[in-house]
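Novice: what would the 3D arrangement of this be:
(chains A and B, ligands or ions: 2)
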Amino acid sequence: MLDGLRFLPMLHAVAEPILEIQKVVKRFDGFTAVDGVSLQVHAGETVGLLGVNGAGKTTLMNMILGLTTPSSGSIHAFGMDLRTQRLEILRRANFCTTYATLPGNLKVRHNLEIFARLYAVPRPKAKVAELLALLEISHLAEKSTGQLSAGESTRVNLAKALLNDPELLLLDEPTASLDPDIADKVRKLVRHLQRERHPAILYTSHNMRDIEEVCDRVLFLHAGKILAAGTPAELTHHFQEDDLENVFIKIARAQ
Amino acid sequence: MPSPTVIAALLTRYILLYARNPMRAFELFFWPLVQLLVWGFLTMFLQKQGGDGFPEYITFLIGGIILWDALFRAQQGVSISFLEDVWTRNLLNIFAAPVRMIDYIGATFAVGILRVAITAGMLALVASLAYSFDLFRFEWGLLAYYTNLMLFGWALGIVSISLILRWGHAAESLAWAIPFMVQPFACVFYPLETLPPWMRAISTAFPPAHVFEGMRASILHGGFGLREFTIALGLNALYLALSGWLFASVLRSAREKGLLVKTSST
Ligand SMILES: Nc1ncnc2c1ncn2[C@@H]1O[C@H](COP(=O)(O)OP(=O)(O)OP(=O)(O)O)[C@@H](O)[C@H]1O
Ligand SMILES: [Mg+2]
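Specialist: Numbering: from 1, shown residues only, chains lettered A, B, ... in the order given. Ligands and ions are numbered 1, 2, ... in the order given. Prediction:
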């Protein structure tokens, strides 16, 4: 009994979500891109966002990064309100998206070292070297960022996303331009991170294999609303399909 | 307050961008030099034609060209640095990093200081060789002129990036055009009294007119116009505050409209 009581505060601390989104709505000139989404992501948990093109996945991520302000609803991370403590949150978060690139005429190493300093990483050079090795792109360090292939630059963006050992990591289609071999390596990397660092990860992809391999939970977004949620196994079971790909098609066509 | 490490990191980035892009560096030297040579020799020619008229004209003009360049470079330091991030689709990475806007703008100010230092050094040297013009004749006044012109250049730079943020690529050319919209009112090459009354009213509301009036007075009578300096400084404080307010409100509305993501990715 006593033991149980002593444990309670700790359990509470463990259970507090890293990311908590409540009834977030985003309207652009009367068009509703995100329509009342609520979700929680805990430390060590990877949540997949699925949905057809234009479902609102990227818009949701942009709101979490403070790039776009919600029309209503609230976003908290690490127990802090994004509206008032954006910088504190961003220090502990990071993201990888194909919508942004690093300046093309700088060397990969320079770009990463500069971002390491922006994120106040203690030993920028060492951290960059470590990440380049982890992503198996050490040979690209001295190349101009603009000369990289799409897949190479995705991995550089991933290295940027890991510079500050983020506790909250947003990955927007991280495997979109990768060949199957590298995509597989990226999934392994994400699983490695999950084991070693337990970040809360929000992950979008149109590749169902990604989702099945790395996500603990999946949310189906359609026209800005969450239509279905569950583990990949729960969803396939619930929709009586044999894989997520077919679940995706079933949900998308039903709308 | 401003974070030196963040500003230093951003500044390093801009310096590397210049170092690795010779065209950028070339542009920095080429235009001011051409301006100085063309206008300098034109004035020399006109002075010869007009007999022994006013020997001060060449000094007015060269002083004007060199000092005007400070305003222009400072404005460009802010606006081109920002555009550099737009062009390289890097804006999103910066805005979603723990970088405060004050540090971001601070870094672009620092780029302005570097650009001004480089072009001013070169122009002073060429002016002294080609026209025996001694920029340092203004002594400490020089520092005062530069301060006021750069402050106003920064304010114009912030206005430029606000417009680019709001209107996107369509407004990019404003990065170059804005200083020239102000130039007729800046009284760089002619005294304030040359202007018709309605223009004079606008001119006196802008800091550069006071700086250049002060410069001309100093060339003619020596000394330093403390009054002009103080007025210009006060006006600059006002313009910087206004431009900061403009930028903050444009930024807020850009976040609402989702423009931050668009400006950087289209
Ligand atoms: N700044 C904006 N202004 C107006 N509409 C926008 C803006 N940003 C996004 N939208 C609209 O919001 C909707 C959701 O877009 P979003 O980019 O979030 O989709 P997505 O789920 O990421 O799609 P995809 O799978 O294609 O990446 C789209 O219809 C898009 O046109
Ligand atoms: Mg998207």
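
Novice: next, work out how far apart the closest residue in space to residue B:76 that isn't next to it in sequence and chain A are.
Specialist: Excluding its sequence neighbours, the residue lying closest to residue B:76 (Cβ to Cβ, 6 or more residues apart in numbering or on different chains) is residue B:115, at 6.6 Å. Glycine gets a C-beta too; all of them are placed from N, C-alpha and C. Counting by Cβ to the nearest Cβ, to the nearest Å, the separation of residue B:115 from chain A is 18 Å.

Novice: from memory residue B:115 sits against residue B:73, does it?
Specialist: Yes. Contact criterion Cβ atoms under 8 Å: residue B:115 and residue B:73 qualify, at 4.2 Å.

Novice: what's the following helix or strand after the helix or strand the residue nearest to residue B:76 falls within?
Specialist: Per DSSP states H and E, residue B:115 falls inside helix B:101-131. Next in sequence after helix B:101-131, counting helices and strands by DSSP H and E, comes helix B:140-167.

Novice: tell me the first helix or strand C-terminal of that next one.
Specialist: helix B:174-186.

Novice: helices and strands around that next one, which ones?
Specialist: helix B:56-87, helix B:140-167, helix B:197-204, helix B:207-221 (3 or more Cβ pairs under 8 Å, 6 or more residues apart in numbering or on different chains; DSSP states H and E).

Novice: can you rerun that using 6 Å?
Specialist: helix B:56-87, helix B:140-167 (3 or more Cβ pairs under 6 Å, 6 or more residues apart in numbering or on different chains; DSSP states H and E).

Novice: tell me the pLDDT of the closest residue to residue B:103 other than its chain neighbours.
Specialist: Using Cβ to Cβ, 6+ apart and skipping residues adjacent in sequence, the residue nearest residue B:103 is residue B:6, 4.3 Å away. On pLDDT, residue B:6 comes in at 93.

Novice: torsion angles phi and psi at residue B:6?
Specialist: phi -70, psi -40 (degrees, to the nearest 10).

Novice: that one - how many residues pack around it?
Specialist: Residue B:6 has 22 neighbouring residues, counting by other Cβ atoms under 10 Å in any protein chain shown.

Novice: middle-most residue in chain B, spatially?
Specialist: Geometric centre of chain B, nearest residue: residue B:71, 2.3 Å, by Cα atoms, centre = their mean.

Novice: so who does that residue touch?
Specialist: B:149, B:152, B:153 (Cβ atoms under 6 Å, 6 or more residues apart in numbering or on different chains).

Novice: list just the nearest of the residues you listed to chain A.
Specialist: Taking Cβ to the nearest Cβ as the measure, chain A sits nearest to residue B:153 out of those, at 23.9 Å.

Novice: contacts only, for that closest one.
Specialist: Residue B:153 sits in contact with B:71, B:74, B:75, where contact means Cβ under 6 Å, 6+ apart.

Novice: sorry, back to before: wait, which of the helices and strands packed on helix B:174-186 is closest to ligand 1?
Specialist: Among these, helix B:140-167 comes nearest to ligand 1, with 13.1 Å by Cβ to the nearest ligand atom.

Novice: distance check, the residue nearest to residue B:76 against residue B:154.
Specialist: With distances taken as Cβ to Cβ, to the nearest Å, residue B:115 is found 12 Å from residue B:154.

Novice: nearest residue to residue A:179 in space, please, no chain neighbours.
Specialist: residue A:151 (6.2 Å).

Novice: for that neighbour, give me its contacts.
Specialist: A:177, A:178, A:182.

Novice: got it, and residue A:227?
Specialist: residue A:220.

Novice: pLDDT value on it, please?
Specialist: For residue A:227, the model assigns a pLDDT of 91.
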